[in-house]
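Chemist: Sharing a model that was predicted from the sequence below.
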Amino acid sequence: MDIRQLRYFKTVAEIGSFSAAARYLGVAQPALSRHVKALEGELDVVLLRRTVRGVDLTPFGERLL
């Protein structure tokens, strides 16, 4: 886990969308997605539920945020 993964997770969670968060952060959406997925893998939990409208925090995501 590194500070970038946490910052990316926080931004996605607050904005509610990977694509909007990627634009805000100035990074490619696939890279942002990979960083958040890596964080979920390291913690062995699902932090964000991906939906057609964006993302929702899981209970684990809420606690981390």
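Modeler: Arrived safely, thanks for sending. Numbering: from 1, shown residues only.

Chemist: Contacts only, for the spatially most central residue of the chain.
Modeler: Central residue of the chain (C-alpha atoms, centre = their mean): residue 9, 3.4 Å from the mean position. Taking C-beta atoms under 8 Å, 6 or more residues apart in numbering as the criterion, residue 9 is in contact with 35, 36, 39, 47, 48, 61, 64, 65. The way it works is simple: take the backbone N, C-alpha and C, and place the C-beta from them, glycine included.

Chemist: Also residue 1?
Modeler: 39, 42, 43.

Chemist: mind checking which helix or strand the second one is in?
Modeler: In this assignment (DSSP states H and E), residue 42 forms part of helix 29-43.

Chemist: which of the residues in that helix are buried?
Modeler: For helix 29-43, a neighbour-count test (16 or more other C-beta atoms under 10 Å) marks 32, 33, 35, 36, 39, 40 as buried.

Chemist: Only the C-alpha atoms, please, for stretch 4-20, written as PDB.
Modeler: The C-alpha coordinates for stretch 4-20 follow below in PDB (Å, rounded to 0.1, in the frame of the first residue of the first chain):
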ATOM      1  CA  ARG A   4      -0.800   7.200  -4.100                       C
ATOM      2  CA  GLN A   5      -3.200   4.200  -3.900                       C
ATOM      3  CA  LEU A   6      -4.900   5.800  -0.800                       C
ATOM      4  CA  ARG A   7      -5.200   9.200  -2.500                       C
ATOM      5  CA  TYR A   8      -6.600   7.600  -5.700                       C
ATOM      6  CA  PHE A   9      -9.100   5.600  -3.600                       C
ATOM      7  CA  LYS A  10     -10.200   8.700  -1.600                       C
ATOM      8  CA  THR A  11     -10.700  10.700  -4.800                       C
ATOM      9  CA  VAL A  12     -12.700   8.000  -6.500                       C
ATOM     10  CA  ALA A  13     -14.800   7.500  -3.400                       C
ATOM     11  CA  GLU A  14     -15.500  11.200  -3.000                       C
ATOM     12  CA  ILE A  15     -16.300  11.900  -6.700                       C
ATOM     13  CA  GLY A  16     -18.100   8.600  -7.200                       C
ATOM     14  CA  SER A  17     -16.700   7.800 -10.600                       C
ATOM     15  CA  PHE A  18     -13.500   6.400 -11.900                       C
ATOM     16  CA  SER A  19     -13.600   8.400 -15.100                       C
ATOM     17  CA  ALA A  20     -14.300  11.700 -13.400                       C
END
